[in-house]
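# what's the 3D shape of this:
(one chain, ligands or ions: 1)
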Amino acid sequence: MEEQKENNTTTESTESEPKKTSTKVRVVRLPETVTISTFAEMIKVSPIDLMKQLMRNGIMANINQAVDFATASSIAPAFGYKVAPLDVQNLKKTKIEDIETDASLLQSRPPVVTILGHVDHGKTTLLDNIRKTKVVEREAGGITQHIGAYQAIYGQNLITFIDTPGHAAFSSMRARGAEVTDLVILVVAADDGVMPQTVEAINHAKAANVPIIVAINKIDRPNSDVERVKRQLSENDLLIEEWGGDIIAVPVSALTGEGIDDLLESINIVSEISEFKANPEGLARGVVLEAKLDKSRGPVATLIVKSGTLSLGNILVVGPNTGKIRSLMNYTGGKIDAAPPSTPVQVLGLSNVPIAGATFLVAQNEKEARDLISRHQSENKPNNRTSFEDMISRIRTGEMKDLNLVIKADVQGSIEAISHALTQLSTEETQVRILHTSSGSIAESDVFLALASDAIIIGFNTPIEPSARRVANHEKVTVKFYSIIYQLLDEIQNVIQGMAAPSMKEIIDGHAVVRTVFERSKNSNIAGVYVTDGHILRSSSVRISRDGSVIFDGLLASLRHFKDDVRELSTGYEGGVVLNGFNDFKEGDSLELHRQEQVS
Ligand code: GDP
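This next block holds a predicted model:
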């Protein structure tokens, strides 16, 4: 029910739109059924009035009874409200979406495009090429500045490009509820083909449900092979148009400029089909793209307007932060007075530096700004994200229909086996959706993807990188580690059936310190350790800390005492330790031996 409350408050902000836009009906988002008392509270009328209205419609109901969505829709207009379905999956979206009831007020707006792809495939070069050849307002005498985004023009149409390529940034924005990207350009180098980060980018874009256009880059290179790229794309579920799919793939050279016009033309086509629209009237809402503190100018933020028009002198509210806009600049550094939807702008005037990915809105006056801030503070209890247990209960009640998973494993072979077995666990009520799989350790971008898509991460015989662990801990993203496949399947099956996972508690078996490091072979080191307390068990997991930070957490591969494999090493003993997936031991590293035990 937390979601309902949160969502209701969100829609309340539509109420604070200026009165002059009276064509806007207030919108309240409802689940399939709602009790009279809750509904009355949501639309701020007395339950008695609501019951009276129901009676006029021939429905008798008491205050604790529930009405269905259709009934609620039929009486809401009498109170100046329109009812929209509460889309639990899309809650984050509704936070910044302007819920517009009158389609005639919507106008086309430029698409906001993010470029994703494998490292060195040419994302930056492509952005630079378009910036150099297709930017608007060059005649204004401004030199383009890197403010986080810029606008190009092609065939009379504006296109907004986000300047920070890369899917980690893309998903971290999304994780904060900032659905800023409308369209993804996936860059694949024709000489290199689809690479691991290409697949990651595809999965991040798919999870965000945004259209993808593929730019097959570096076609000027002699060893480029466009057909191979097309084939590899189809192997990753991106079937291009000429092969009967709906993905546009454009061969380009970001270096020579060949094909760039075709790419921009394709963006125009996809934008036309997707009908990106917003109401340019009214107070602006949007997203903070980046922000910093400038010594002389104070907080400087780049914003992208999602709806309405942002104007000089507007009172901005970003989370707990407010301020009157005293300077509005476009990406050429030119001063402007107003910014319509999809425009990137740099603003001065905020009291503090806002966080990237935060959403902003404009208040009508100082008082409303203060109200919005106090509402923000009461809504933002420290991290109220759903925990794993909540997820299980949402599955049990049927509120959550998909179990989204990100799977990382030591080798590709395990991934295939695990993915196949997991998809077989889907039931009619709960579908297993695998958003992304890859071999290697769990990285920050995996955590952002999981966070943005309400997914859990499964690590099979693979550790989590320290930075990823920090984000996961902070954002309460569930990360589950397994080394035995049937245990993994058992647990996930329980989750799907809405059964609470057994409570586990961590047992610390002991501690040890690395005294020497021996090189066994090129990529395999043995840590010579001394057990300082407790004992090392062959079955324990090991958490390694260096300079106070955890740098690895994973399983033991072998435990030795002199030349013998042993099952245990006690306090005061020395031995050799080899780990699964970690090799970079240094003298002085401390080891904490731990394991999970079921609480009965
Ligand atoms: P990013 O990591 O994806 O942003 O890749 P960059 O844009 O930094 O490009 C990586 C390298 O590829 C650079 O040396 C570029 O000059 C080169 N490059 C990018 N696009 C092309 C292209 O179309 N043709 C050729 N020959 N080289 C390119």
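
# Look at residue 513 and tell me its secondary structure.
strand (DSSP: H, G, I helix; E, B strand; the rest coil).

# can you check residue 256 too?
coil.

# who are the neighbours in contact with the closest residue to it other than its chain neighbours?
In space, and not counting its chain neighbours, residue 256 is closest to residue 220: 5.2 Å by Cβ to Cβ, 6 or more residues apart in numbering. From N, CA and C alone the C-beta is placed, and that goes for glycine too. Residues in contact with residue 220 (Cβ atoms under 8 Å, 6 or more residues apart in numbering) are 253, 255-256, 258.

# How much space separates residue 220 from residue 562?
Using Cβ to Cβ, to the nearest Å, we find residue 220 at a distance of 60 Å from residue 562.

# list the helices and strands the helix or strand where residue 597 lies packs on?
In this assignment (DSSP states H and E), residue 597 forms part of strand 590-598. Here strand 590-598 touches strand 504-521, strand 524-537, strand 541-546, going by 3 or more Cβ pairs under 8 Å, 6 or more residues apart in numbering; DSSP states H and E.

# Partner strands of it and their direction?
Strand 590-598 has its sheet partners listed here by DSSP bridges as strand 504-521 (antiparallel), strand 541-546 (antiparallel).

# right, and the ones you listed - which one's nearest the ligand?
strand 541-546 (29.8 Å; Cβ to the nearest ligand atom).

# Any idea which of the strands paired with strand 590-598 gets closest to residue 34?
strand 504-521 (37.0 Å; Cβ to Cβ).

# which residues are in contact with that closest one?
525-537, 540, 569, 571, 574, 576-578, 585-599.

# tilt between that strand and strand 524-537?
150 degrees (axes from the mean of the first three to the mean of the last three Cα atoms, to 10 degrees).

# got the CA coordinates for stretch 451-468 in PDB?
Provided in PDB are the C-alpha atoms of stretch 451-468 (Å, rounded to 0.1, in the frame of the first residue of the first chain):
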ATOM      1  CA  LEU A 451      17.600  -0.800  -9.200                       C
ATOM      2  CA  ALA A 452      15.900   0.800 -12.200                       C
ATOM      3  CA  SER A 453      14.000  -2.300 -13.000                       C
ATOM      4  CA  ASP A 454      13.100  -3.600  -9.600                       C
ATOM      5  CA  ALA A 455      15.200  -6.700 -10.200                       C
ATOM      6  CA  ILE A 456      17.300  -8.900  -8.000                       C
ATOM      7  CA  ILE A 457      20.900  -9.800  -8.900                       C
ATOM      8  CA  ILE A 458      22.100 -13.400  -8.900                       C
ATOM      9  CA  GLY A 459      25.800 -14.000  -8.600                       C
ATOM     10  CA  PHE A 460      26.800 -17.500  -9.400                       C
ATOM     11  CA  ASN A 461      30.400 -18.300  -8.400                       C
ATOM     12  CA  THR A 462      31.200 -14.700  -9.000                       C
ATOM     13  CA  PRO A 463      32.000 -11.800  -6.600                       C
ATOM     14  CA  ILE A 464      30.700  -8.300  -6.400                       C
ATOM     15  CA  GLU A 465      32.900  -5.300  -7.100                       C
ATOM     16  CA  PRO A 466      33.400  -3.100  -4.100                       C
ATOM     17  CA  SER A 467      31.800   0.000  -5.700                       C
ATOM     18  CA  ALA A 468      28.800  -2.100  -6.800                       C
END
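
# Can you get me a residue count around the residue of the stretch 351-500 of the chain found nearest the ligand?
Nearest residue of the stretch 351-500 of the chain to the ligand (Cβ to the nearest ligand atom) works out as residue 445 at 14.7 Å. Residues lying near residue 445 (other Cβ atoms under 10 Å) number 23.

# Correct me if wrong: it contacts residue 196.
No: in this structure residue 445 lies outside contact range of residue 196 using Cβ atoms under 8 Å: 11.1 Å.
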